[in-house]
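Student: need a structure here:
(chains A and B)
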2 protein chains.
Amino acid sequence: MAPTSSEKEGKVDVLIIGAGPAGLMTANWLSRLGVKTRIVDKRGTKIFNGQADGLQCRTLEIFDSFDFAQRVWRESNHMLEINLWNPDADGKLFRSDTIPDTIPNISRFQQVVLHQGRIERFFLDSIAEHSEIRVERGVMPESLEFDDSKAEDEDTYPIKIQLRHLSEEEATPKQSATSSNGAGIQDGLFRSNLTGDDTGDLLNTARLADKAGSTEIVEAKYVVGCDGAHSWVRNQLGYSLRGESTDFIWGVLDIIPITDFPDIRMRCAIHSVNSGSLMVIPRENKLVRLYIQLTTTDKLAGTKVDRSKINPDVILASAQRILHPYKLTYRYCDWWTAYQIGQRVGDNFSLRERVFLAGDAVHTHSPKAGQGMNVSMQDTYNLGWKLGAVINGYCDRSLLKTYQSERRRIAQDLIDFDHRFSRLFSGRPAKDVMDEEGISMAEFKDAFVKGNMFASGIAVDYGKSMIVAKEGSAEDQGDGTADVLGSAKREGAQSKPELATDIKLGTRMPSFKVLNQSDARPWHFQELLKSNGRWRLVVFAGDVLDPKQAERVQGLGNQLNKPSSFIRRYTSHSQSLDSVIEVLTVHSSPRKDVDVFDFPPIFRPFSATEGWDYGKICVDDESYHEGHGEAYKNYGIDPKAGCAVIIRPDQYVSWVGEMDDHEMMDRFFSGFMREQKESNAQTIDAPADMLGDGDDGKKVDSKAVDGAVMGGSADGAPL
Amino acid sequence: MAPTSSEKEGKVDVLIIGAGPAGLMTANWLSRLGVKTRIVDKRGTKIFNGQADGLQCRTLEIFDSFDFAQRVWRESNHMLEINLWNPDADGKLFRSDTIPDTIPNISRFQQVVLHQGRIERFFLDSIAEHSEIRVERGVMPESLEFDDSKAEDEDTYPIKIQLRHLSEEEATPKQSATSSNGAGIQDGLFRSNLTGDDTGDLLNTARLADKAGSTEIVEAKYVVGCDGAHSWVRNQLGYSLRGESTDFIWGVLDIIPITDFPDIRMRCAIHSVNSGSLMVIPRENKLVRLYIQLTTTDKLAGTKVDRSKINPDVILASAQRILHPYKLTYRYCDWWTAYQIGQRVGDNFSLRERVFLAGDAVHTHSPKAGQGMNVSMQDTYNLGWKLGAVINGYCDRSLLKTYQSERRRIAQDLIDFDHRFSRLFSGRPAKDVMDEEGISMAEFKDAFVKGNMFASGIAVDYGKSMIVAKEGSAEDQGDGTADVLGSAKREGAQSKPELATDIKLGTRMPSFKVLNQSDARPWHFQELLKSNGRWRLVVFAGDVLDPKQAERVQGLGNQLNKPSSFIRRYTSHSQSLDSVIEVLTVHSSPRKDVDVFDFPPIFRPFSATEGWDYGKICVDDESYHEGHGEAYKNYGIDPKAGCAVIIRPDQYVSWVGEMDDHEMMDRFFSGFMREQKESNAQTIDAPADMLGDGDDGKKVDSKAVDGAVMGGSADGAPL
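Tutor: Just a heads-up that it's a prediction; the model follows:
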């Protein structure tokens, strides 16, 4: 029986609750993967200033995989250096230490600061560019029903959610909850950071009125709760956050400072003798964010601080005391708040891998480390492609178990990091080595240096699972809860990590420059790993001028081209051959001595309208203007024999093995991928007549094949 | 008597005729300078494919000064290498030579290719972002009156132009003239390259109808004719283009090629034995442009080629003959045309410096060298800021004479280059050294290598004038026509070029990385030279840790801060002190040993709402992530003693002298700048109480000073 129109409209593959960074990242993934998605938020507009704003270099790498890192890079303030200021023997502040803010060479990006409203803007633009998905604002969930019996039946909609459309008044927060650990306090929500491209957003507010007061039922295959520290979805599931709060109270001021403190445009950690600590985070548009300690002891346990007495003047006065003898004032305050330090983490990240929680809904902590928004977005960067792969029928549902096993451990690491870091930050400096209540400034510096690697986001190392073929116990390396070796009962694939000593299984693929073989253009290798849902088989082909090595390469090409190959089995006949598993090649012979026609056709798939693909074969060679990436050396790969690497759609490394070990590659993918009913068995050799002179009759003008060109994004351009 | 409303509306400072790249560059400048401007074009829409598309690295530098180079850089195809293919002794094609496409290290950009429609899009967005100026399409000039008696009276409107608003039908070209030398031929104007952000443009077409058929009179202070090879403005002035045409006919195909030619993604020059030549220009979106010689002899002089017989099949067949034994075909053709080679240049570029001509209206040539659009945009990049400076009352009208003296010589150079290049390209390869009619392939390669510097746009070297203080004769170094030493009769300023041996007077300021003193961020120095109409006095302060040098720096600061200083005289009291002449500082002491408060206040101007300016003092030191720019070494400046450099608003170098030679700086600016009636004599020291703790009463919240923050562009962010 065909569904009626209204039933049909009420069904979605994924319903996302909450359109902050975690929710938007989910929607952004799904916009690329063709998944039927709705995203709702009870607020009437996106936010326009304040809130979280530090961006890890890993987050910028992820943004770049979605083609908008450059917008952040241009608008943001770049943080290059951390300066520690401490009292000298006479109690006078001096610059005691200097640390690079981002560890050199761990990423092609560095840590930057840009307020959350702009980041939401870039997500909204990106989603709109790739799909019909639009954030529905002023829409609040009211009830959730889950039919447990349908959980494992993939094509069902086991979740029913009732949504209520709010009036504009209801959707406008009177008092914004502005701290990430839930200690909300009134702030000044002036829309001063509003820029031109936000006007459409504000106009949409006016349209809220149309549906105000109405409700609707949505049936969903999956729900993702990205609804913050007070998560309604989490409450519906009966899950809770576990952890503790301290009584350290901190104030936050976003101001354009007027000061004679010389490091006001550097990230600074300033400890005063007795007046508490101050953190300086220079921001875009001349703004500086100051985190200012308001209580200098944790002996207040049990006593409630009178929050009504906290205001910008009180916070500024604290800052002035800490910064003495330097002077500080301002004429312009963009935003302010105060919060209490605490760390909590969720016990469960999903209900039967049907309803998921992400972001602040499962981990909250103090904002100073600049981690919260990053970890939240990275939660759903992990989840989004998995949801798409299951919904689109490429992978088994069991893949979804890896969301919790991978991300819950990261959340725990974050909470531990923040706990340690906050304590050091809120304590007063030790007077000397005998001062046991004071904080050793040497220990503080050490924590900062070590914390830097964690804070970059690059250190994330996912444990063994069906999609990370490494040694050890999946349970020990995950969050300890799930069986994530895969539904397939047979033996998992084995890696040979020694073939690429600097590519670490479970971490994101490092990036070095390689050249496109066909046009000599240098690319950071990561730029070829766009977030479009594709797995990558990277063939480090080694020295293809060596006849034996060339033979191995041809051998792999022949295997991959067979109708029985894993690429063809897992790709449907209606898709291009690179759309599920894409083969990328990096060889180490001199560029000039090789051309793409030396490689098997499946390494450069042929299209009847566009000819050979010139974007997939690269070389590790010197560029004209950007030096030599030395990729083989930096990856730790033998330039003669090469190797093969399987990379997940989120750029994390799954498997490393022999360059032509087709059997092991097959075993890896067979652990979780699904054979397509009508698989892609077409040849990719160019028909002989396509390259002849005598086929004028087949040519078509641009009008007729418009779609082919317009459909290609800028990324479709030759590499 | 106050003007009536209609009279008022009919008056503009500048009327631009033609909204191609030259016209848009003019409007773009004026959008930054607050000049009342209209820009009209008889076409109903901007163009959407085909046309010129090569972009010099200098053009990208200019785009970056307007903040949109990154859009081009991302969307374009980058050209890294030129390959020359020639017949071997047996007549078989082989890759005989390889040349880098852009000479390494001459610019931070390299030559790229992107079709003109996208470039026009970026201009339109840029203009809209900075002004109320909008291109008025379907508007054609019908008559021009010039009142010669008013020419030198600055506040008058000596030009009257009647404009006619066309109907949509009239504004839609039935046959597009597609060759840059006027040999128009029917093409396929399919709008296949149309992208999302062009839709607004198409909708505007529908609005043409409103005013269709009406006329209006516009009174203008200045008119800029950017209306192409058949310029109506040029015809009104009675000026003509002088030069010659050949009978070499070339075809152009923009296709997605299907081929086994291995260098199809490289720029290639291919000479066949007897079938003519072919040039390959790889483009964005998998397109390749092929320039294909259709006639192989110039012996046809006098005979007319039957153009009706030229079509894509004929052009493709020629390409296939030239490329043999490689095969070539296509399924998708985006655009095609054919043209006749010729070179012509205008005898006059302006009428009394009131009506100007630019772009194709004053120089036309063959398109293959990829120069036309670049030189056209650079014409008005030269003119725009001068118009703004005169209209805004900063500079004498005599400044405008330098437009012709500078640009007419460039046009002549271009024509000479193209003549030489085209002849070499259209000839058949010499069989041996005795083959006098053939072209020596060694000579061809030599021309390519030498042409590369010219083709980069970096070689432009403006002659001596009131705004270029160099040795020699202004007449010899200009176009031979104008007195461009300035209206001031006194002696011009003298440079000491030996103080910066690698900064060449009259050329654009080279760019190396320097660090912001306050936040350690690396910037290419050119990134600090945004096109906003400001002159720059760059103080290479040398080693400021040396007390004697520090004294010199303070001495200059004191001079510049006096009410009588040229900076204060030429800046009105209503403007910030850096808005006409901006002081930028680059010192050579270690960054860690210095802070901004070591420099005179005028080097870091104080604002009552935003405090000290942290964006103007830089250091030549090692960066954390991007190496050491070695600016002093690369500029050829003594790191102890430094020097001073005056840079024009278009980044060309005017003067080099002693770091503290205030008198000579003053003499330079006095040659053409105008004292402001109420000059800016305010102090820029911070009032003592601004930095105190006790001035809470003066603080304002964000609402009250919204404008101050919102008005700041992204560039306004800390350096």
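Student: State the number of residues packed around residue A:159.
Tutor: 22 (other CB atoms under 10 Å in any protein chain shown). C-beta coordinates here come from the backbone N, C-alpha and C atoms, glycine included.
Student: what sits against it?
Tutor: A:15, A:144, A:145, A:146, A:147, A:219, A:220, A:221, A:222, A:223, A:354, A:355 (CB atoms under 8 Å, 6 or more residues apart in numbering or on different chains).
Student: swap in residue A:669?
Tutor: Counted by CB under 8 Å, 6+ apart, residue A:669 has contacts A:535, A:566, A:570, A:581, A:646.
Student: 6 Å - rerun?
Tutor: Contact analysis of residue A:669 by CB atoms under 6 Å, 6 or more residues apart in numbering or on different chains lists residue A:566.
Student: Are we agreed that it is in a strand?
Tutor: No. Under DSSP: H, G, I helix; E, B strand; the rest coil, residue A:669 sits outside any strand and is assigned helix.
Student: Got the confidence number for it?
Tutor: Here the pLDDT value assigned to residue A:669 is 97.
Student: before we move on, what about residue A:22?
Tutor: Note on residue A:22: pLDDT of 97.
Student: could the contacts of residue A:159 be laid out in TSV, adding secondary structure and neighbour count?
Tutor: As requested, those are exported to TSV (DSSP: H, G, I helix; E, B strand; the rest coil; neighbours: other CB atoms under 10 Å in any protein chain shown):
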residue	secondary structure	neighbour count
A:15	strand	25
A:144	strand	20
A:145	strand	12
A:146	strand	18
A:147	coil	14
A:219	strand	17
A:220	strand	24
A:221	strand	22
A:222	strand	26
A:223	strand	27
A:354	coil	22
A:355	strand	26
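Student: and which of those residues is nearest to residue B:650?
Tutor: Nearest to residue B:650 out of the contacts of residue A:159 is residue A:15 (CB to CB; 54.4 Å).
Student: Skip the chain neighbours and tell me the closest residue to the closest one.
Tutor: Once flanking residues are discounted, residue A:15 sits nearest to residue A:220: 4.2 Å by CB to CB, 6 or more residues apart in numbering or on different chains.
Student: Helices of the stretch 601-719 of chain A, residue ranges please.
Tutor: With helices called from DSSP state H, counting those that start in this stretch, the stretch 601-719 of chain A shows them at A:631-635, A:662-670, A:706-711.
Student: Burial check on the residue lying closest to residue A:517 once chain neighbours are set aside, number of neighbours?
Tutor: In this structure, residue A:517 finds its nearest non-sequential neighbour in residue A:617, 4.4 Å apart by CB to CB, 6+ apart. Using other CB under 10 Å, residue A:617 has 26 other residues around it.
Student: how far away is residue A:617 from chain B?
Tutor: Residue A:617 is 11 Å from chain B, where distance means CB to the nearest CB, to the nearest Å.
Student: One more: residue A:153?
Tutor: The gap separating residue A:153 from chain B is 39 Å, by CB to the nearest CB.
Student: That residue: what's it in contact with?
Tutor: Residue A:153 sits next to no residue when contact means CB under 6 Å, 6+ apart.
Student: Over to it: give its phi and psi.
Tutor: When read as degrees, to the nearest 10, the backbone of residue A:153 gives phi -90, psi 100.
Student: Next: residue A:568.
Tutor: With angles defined as degrees, to the nearest 10, residue A:568 sits at phi -70, psi -40.
Student: That one against residue A:681, yeah?
Tutor: Yes. Counting by CB atoms under 6 Å, residue A:568 does reach residue A:681; the two are 5.5 Å apart.
Student: neighbour count winner among those two?
Tutor: A count of neighbours by other CB under 10 Å puts residue A:568 above the other of residue A:568 and residue A:681, at 23 against 15.
Student: Once you drop chain neighbours, what's closest to residue A:622?
Tutor: Sequence neighbours aside, residue A:628 is the residue nearest to residue A:622 in space, at 4.4 Å (criterion: CB to CB, 6+ apart).
Student: err, residue A:586, not the other one
Tutor: Distances taken as CB to CB, 6+ apart put residue A:618 closest to residue A:586, at 4.7 Å, once the chain neighbours are dropped.
Student: Next, count neighbours for that neighbour.
Tutor: The tally of other residues near residue A:618 (other CB under 10 Å) stands at 28.
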